[in-house]
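Novice: sequence first, predicted model second:
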Amino acid sequence: MEKIKNSLLFLLILYLSSCSDTRLVKQQIQDMSHEEWVKDSIVKLNFKPKENQKYDISFLIRNNNHYPYSNIFLIAEIENKKHQMIDTLEYEMANEKGEWLGSGFGDIKESKLIYKKNYQFKDTLPYTIKLQQAVRKTGNINGEEKLKGIVNVGIVIEQSKTK
C-alpha cells in the first residue's frame, strides 16, 4: 500500500511540475518492480527531434534508504538508423555524510541527473534513448543483478533554455 501511495504522489508531483514547465518535450518514467533495478532492464524513450532545436536530456532516479551506494553508474545510449553514441556515466547520489542529494521528503529522494545540455541531434530521424544501470561492487567484474532501493527511473527531454 505504501508503494502505491508513493507512486501516486510521484505521478501527482510530475503532473503538477510538467504543467508549469513549458520546456518539457517528452518523458518516460518506469516503475521498478520490487524497488530494485534489474541489470538487464533498460528504460527506453523514442523521440523525433525537430530541425535546429537544442534539447536538455536528463535522467530521473528515485531511490529510497535501501539504496546501498553513494553513487550510481549508468550506461546511456542515443541511437537511430544512422548514428549511435554510448556513454558510461557516474553520478553522486549522497554526500560525504551519507545524506541523499536528491529532493523530496521521507525516505524517497528524486535526483535529476543532467546528461546532455544544449544537445542538437544530428538529424531529424527518430531516435531511441536507452538507460541501463551498470553498478558493481568494488573488485567484482559482474554488475549488480538487482540494484536495491531504486523506485523509479526516467528519461526527460526538455527544450534547451539557450538557443
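Specialist: Thanks, I have the structure now. Bear in mind the structure is a predicted one, so any value in this text is a computation, not a measurement.
Novice: what about Gly143, how many residues nearby?
Specialist: Other residues near Gly143 number 16, with proximity taken as other Cβ atoms under 10 Å. C-beta: built from backbone N, CA, C; applies to glycine.
Novice: that one and Val135: what is the separation?
Specialist: Distance, Gly143 to Val135, using Cβ to Cβ, to the nearest Å: 6 Å.
Novice: which helix or strand in this protein has the lowest average pLDDT?
Specialist: When each helix and strand of the chain is scored by mean pLDDT, DSSP states H and E, helix 2-20 comes last, with a mean of 58.
Novice: which helix or which strand is home to the residue nearest the centre of the chain?
Specialist: The geometric centre of the chain, computed from its C-alpha atoms, lies nearest to Phe59 (Cα atoms, centre = their mean), at 2.6 Å. In this structure, Phe59 sits in strand 55-63 according to DSSP states H and E.
Novice: can I get the CA coordinates of that strand in CSV?
Specialist: The C-alpha trace of strand 55-63 is given here as CSV (Å, rounded to 0.1, in the frame of the first residue of the first chain):
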residue,chain,number,x,y,z
TYR,A,55,17.5,19.9,-26.1
ASP,A,56,18.4,19.2,-22.5
ILE,A,57,18.4,15.4,-21.7
SER,A,58,18.2,14.3,-18.0
PHE,A,59,17.7,11.2,-16.1
LEU,A,60,15.4,10.9,-13.1
ILE,A,61,16.3,8.4,-10.4
ARG,A,62,14.0,7.9,-7.4
ASN,A,63,15.7,6.0,-4.6
